[in-house]
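Give me a model of this one.
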Amino acid sequence: MANRGRCMGASGADVYARENHRHGIYWMLLTMFLFVSMDTVAKYLTERFTVTQVVWARYMFHMLLLFAWLGPSTPWVLRTRRLGLQLVRSLLLLLTTFFFFTALSFMALVDASVIMFIGPIVLTVLAALILREHVGARRWSGVIVGFVGTLIVIRPGTSMVQPAAIFAVAAAGCYALYQITTRQLSYSDAPLTTLSYTAVVGALFSSFAAPFGWIWPDAEGWALMALVGLIGGLGHFCVIKAFQAAPAAVVAPFGYSSIVWSTTFGFLIFGDLPDVWTIFGGAIIIGSGIYILHRERVRGRDAGAP
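Residues are numbered from 1 along each chain as shown. Coordinates of the predicted model:
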């Protein structure tokens, strides 16, 4: 009977874990929808306003909405054990936003999104160089294959707008560093604290650049700028919920669902469709990224085995 009880308990724990994993996946799918929606509105705004102005709106309205929600508890939420790392992390995300929005002002939504998929590849390289994590031959092979896929998408030496592709690659690199600092902060600060610093630092620093080339928005412009901040804040809340519900190895591969939304929105709103080389290279990048995530899950399982 005791053994039976243990089996039932283990089975119940497995069901609970699977349920949490399913919730985490749902949160991640919603996250990707929100982030691509934000990028779509941002790309539309960059056709009317400067990139720095759109970046400012993304963080300023995010901060205002967050503080309105937190209310009197805001000072307590901003207490951090690692102020320097919080500032570095927030600046990295600000740079990611600036580089990616700049790429969007020149490139099709889906093309820029595909290049951003090299994030897990760059993260693996930086984890080996910065965190001194061991990266085996299999994960290095995934990095090399992903790099080949990136070259296929960018196609150096062709008529593709090179500066735009460089901005997208720079955004992916900054985002990988941002993920590393996020991982380091997860051991010391609460997710809401980290989310708050993201909004505050982004709003403050972008406010210095926004006045240069400022174009005064009309009512529609203000509404869309507020929408960018709202969607950005909701997206970050959803990604926090996703990683709270399930391990990164479970939910991270579903980040690639953004390709569906970026292709759909790009076609419906901007009339853009990816060419065959972008599709081919993107498939290679996505495949290598999923393989790298799989190897990280295997490595984590082996490390935790008794």
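
Quick check: which ranges of the stretch 51-200 of the chain have low pLDDT?
The stretch 51-200 of the chain contains residues with pLDDT under 70 at 127, 131-135, 154-162.

Excluding sequence neighbours, find me the nearest residue to H236.
Once flanking residues are discounted, H236 sits nearest to L195: 5.6 Å by CB to CB, 6 or more residues apart in numbering. C-beta here means a position set from N, CA and C on the backbone, and glycine is covered the same way.

Helix or strand: which one has that neighbour?
Take DSSP states H and E as the rule and L195 turns out to sit in helix 191-209.

Could you check how far the helix or strand just after that helix is from the centre of its chain?
Counting by DSSP H and E, the next helix or strand C-terminal to helix 191-209 is helix 219-245. Centroid separation for helix 219-245 versus its chain: 12 Å, with CA atoms, centre = their mean, to the nearest Å.

With stretch 266-285 instead?
Offset of stretch 266-285 from its chain centre (CA atoms, centre = their mean): 19 Å.

Which parts of the stretch 51-200 of the chain are helices?
Applying DSSP state H, counting those that start in this stretch to the stretch 51-200 of the chain gives helices spanning 51-70, 74-77, 83-104, 109-116, 119-129, 137-154, 162-185, 191-209.

I'd like to know which of those lies nearest to T31.
Closest to T31 of the helices of the stretch 51-200 of the chain is helix 191-209 (CB to CB; 13.1 Å).

Quick one: list the elements packing against the closest one.
helix 51-70, helix 74-77, helix 83-104, helix 219-245 (3 or more CB pairs under 8 Å, 6 or more residues apart in numbering; DSSP states H and E).

now what about it, what contacts it?
Helix 191-209 has contacts (CB atoms under 8 Å, 6 or more residues apart in numbering) with 52, 55-56, 58-60, 62-63, 66, 70, 74, 77-80, 86-87, 89-91, 93-94, 97, 182, 185, 233, 236-237, 240, 244.

Mind listing what's buried along that helix?
Buried residues in helix 191-209, counted by 16 or more other CB atoms under 10 Å: 191-203, 205-206.

At the geometric centre of the chain, which residue do we find?
Y175 (6.8 Å; CA atoms, centre = their mean).

For that one, give me its contacts.
Y175 is in contact with L92, L93, T96, M116, G119, V122, counting by CB under 8 Å, 6+ apart.

one more time with 7 Å, if that's ok
Contacts of Y175 were listed using CB atoms under 7 Å, 6 or more residues apart in numbering, and they are T96, G119.

What is the neighbour count of G281?
For G281, the count of nearby residues is 25 (other CB atoms under 10 Å).

swap in W69?
Neighbour tally, W69, other CB under 10 Å: 11.

if I read this right, I130 contacts I180, doesn't it?
Yes. Look at I130 against I180 with CB atoms under 7 Å: they come within range, at 6.2 Å.

Which of these two has more residues huddled nearby?
I180 (17 against 13).

re earlier: wait, which of the helices and strands packed on helix 191-209 is closest to I152?
Closest to I152 of the helices and strands packed on helix 191-209, according to CB to CB: helix 83-104, at 17.5 Å.

May I have the closest one exported as PDB, CA atoms only?
Below are the C-alpha coordinates for helix 83-104, written out as PDB (Å, rounded to 0.1, in the frame of the first residue of the first chain):
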ATOM      1  CA  LEU A  83      21.900  47.800  -8.900                       C
ATOM      2  CA  GLY A  84      24.800  47.800 -11.300                       C
ATOM      3  CA  LEU A  85      23.700  44.600 -13.000                       C
ATOM      4  CA  GLN A  86      20.100  45.900 -13.200                       C
ATOM      5  CA  LEU A  87      21.400  49.000 -15.000                       C
ATOM      6  CA  VAL A  88      23.500  47.000 -17.400                       C
ATOM      7  CA  ARG A  89      20.700  44.600 -18.200                       C
ATOM      8  CA  SER A  90      18.200  47.400 -18.800                       C
ATOM      9  CA  LEU A  91      20.600  49.200 -21.100                       C
ATOM     10  CA  LEU A  92      21.200  46.000 -23.100                       C
ATOM     11  CA  LEU A  93      17.400  45.700 -23.700                       C
ATOM     12  CA  LEU A  94      17.300  49.400 -24.600                       C
ATOM     13  CA  LEU A  95      20.000  48.800 -27.200                       C
ATOM     14  CA  THR A  96      18.200  45.700 -28.400                       C
ATOM     15  CA  THR A  97      15.100  47.700 -29.000                       C
ATOM     16  CA  PHE A  98      16.900  50.600 -30.700                       C
ATOM     17  CA  PHE A  99      18.800  48.300 -33.100                       C
ATOM     18  CA  PHE A 100      15.800  46.100 -33.900                       C
ATOM     19  CA  PHE A 101      13.400  49.100 -34.500                       C
ATOM     20  CA  THR A 102      16.100  50.600 -36.700                       C
ATOM     21  CA  ALA A 103      16.300  47.400 -38.700                       C
ATOM     22  CA  LEU A 104      12.500  47.300 -39.000                       C
END
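
Alright, I will stop here.
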